[in-house]
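> Sequence first, then the predicted structure:
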Amino acid sequence: MAPKAIIAPSILSADFAELGAACSRTIGQGADWLHVDIMDGHFVPNLTFGPPVVAKIRSHVAPPAEHHGKGTFDCHMMIAEPKKWVKEFKAAGCDLYCFHYEAAVDSSDAESPEATSAAKTSPRALIRYIHDQGMLAGIAVKPGTRVDVLYDVLDSDDAAERPDMVLVMTVEPGFGGQKFMASELPKVEALRKRYPELNIEVDGGLGPGTIDQAADAGANVIVAGSAVFGAKDPAGVIALLREAVDKRSAAV
Ligand SMILES: O=C(CO)[C@@H](O)[C@H](O)COP(=O)(O)O
């Protein structure tokens, strides 16, 4: 059986003027995790917030009782220098530090098959470093990046160097409210076939109209921003997303 559904509303679509209350409310509405979008204006053409804001929202949301538990802060680091901020985000209350493969290797390596082996040591070292700080580690790929570049870390014999989650972006990172890219789903299918128990997250354009495709491909960690925070009935949307994933997992 594939791993259970984890619903992680993206707080990029929350009302920033009442962020703490919005985060606590969405957990009360049935969300498992909060997807915390960190953008630096370099890796992506947008800016959000840093450790002081994360620490403030942490004070509104109880930390998870166990790894992957309710209240996990799933920090999606859309930043050019992921290693630099690991300790600061741990101190602020981050539980899962998900960096971009493209930021951990030379960007020209990310799309070039022959450069894959040369690029592989850096993500391994970063995953180990994140684990050493006591956080879960995630690794994300943008739409232009092949997913097989991740097999090296995923196949590592050393658990300290293996990611706890892979994030497959289904939009170009940077903004909420974009159109879902179904073209990215073969990456999810390939990962699910090779790693039946891996937490596979999808992010971008997810909602009631696209969840079935993502669930059928094998995604179990679902990020949804505008579909949850823009809904009249956020609890109903969260329940619908969960049901679609768990139905598919039970059928496998
Ligand atoms: O990381 C990002 C965008 O870069 C996402 O987390 C979006 O914030 C998701 O928003 P929706 O597409 O669900 O509105």
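Okay, I see it. These numbers were taken from a predicted model, which means no experiment stands behind them. Numbering: from 1, shown residues only.
> near the ligand, which residues of the stretch 1-150 of the chain?
Proximity of the stretch 1-150 of the chain to the ligand is assessed by CB under 6 Å from any ligand atom, with 10, 12-13, 35, 37, 76 identified as the residues in range. Quick note: C-beta positions are derived from backbone N, CA and C, even for glycine.
> Could you list which of those belong to strands?
Using DSSP state E, the members of those that fall in strands are 35, 37, 76.
> Distance to P186 for those residues - can I get that in TSV?
Written out in TSV, the entries for these read as follows (distance: CB to CB, whole Å):
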residue	distance to P186
H35	23
D37	25
H76	22
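> residue ranges with poor pLDDT in this structure?
Across the chain, residues meeting the criterion (pLDDT under 70) sit at 106-121.
> Next, give phi and psi for the residue nearest to L96 when sequence neighbours are not counted.
Taking CB to CB, 6 or more residues apart in numbering, and ignoring the residues beside it in sequence, L96 has L136 as its nearest neighbour in space, at 4.1 Å. Dihedral angles of L136 (phi, psi; degrees, to the nearest 10) stand at phi -70, psi 150.
> neighbours of L136, just the number please.
Counted with other CB atoms under 10 Å, residues neighbouring L136 total 21.
> isn't it right next to K90, touching?
No: judged on CB atoms under 8 Å, L136 makes no contact with K90 at a distance of 11.0 Å.
> what sits in contact with each of these two?
When CB atoms under 8 Å, 6 or more residues apart in numbering defines a contact, the residues bordering L136 and K90 alike are Y97.
> that older thread, would you list the ones in strands among the residues of the stretch 1-150 of the chain next to the ligand in a markdown table and tack on neighbour count and distance to K142?
Putting those into a markdown table (neighbours: other CB atoms under 10 Å; distance: CB to CB, whole Å) gives the following:
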| residue | neighbour count | distance to K142 |
| --- | --- | --- |
| H35 | 28 | 16 |
| D37 | 24 | 14 |
| H76 | 27 | 12 |
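> Please enumerate the helices of the protein.
Secondary structure of the chain (DSSP state H): helices located at 19-28, 51-58, 86-92, 101-104, 107-110, 116-119, 121-132, 151-154, 185-194, 211-217, 226-229, 234-251.
> In a markdown table, list these along with mean neighbour count.
What follows is the helices of the chain, written out as a markdown table (neighbours: other CB atoms under 10 Å):
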| stretch | mean neighbour count |
| --- | --- |
| helix 19-28 | 17 |
| helix 51-58 | 17 |
| helix 86-92 | 17 |
| helix 101-104 | 24 |
| helix 107-110 | 16 |
| helix 116-119 | 15 |
| helix 121-132 | 19 |
| helix 151-154 | 18 |
| helix 185-194 | 18 |
| helix 211-217 | 21 |
| helix 226-229 | 23 |
| helix 234-251 | 18 |
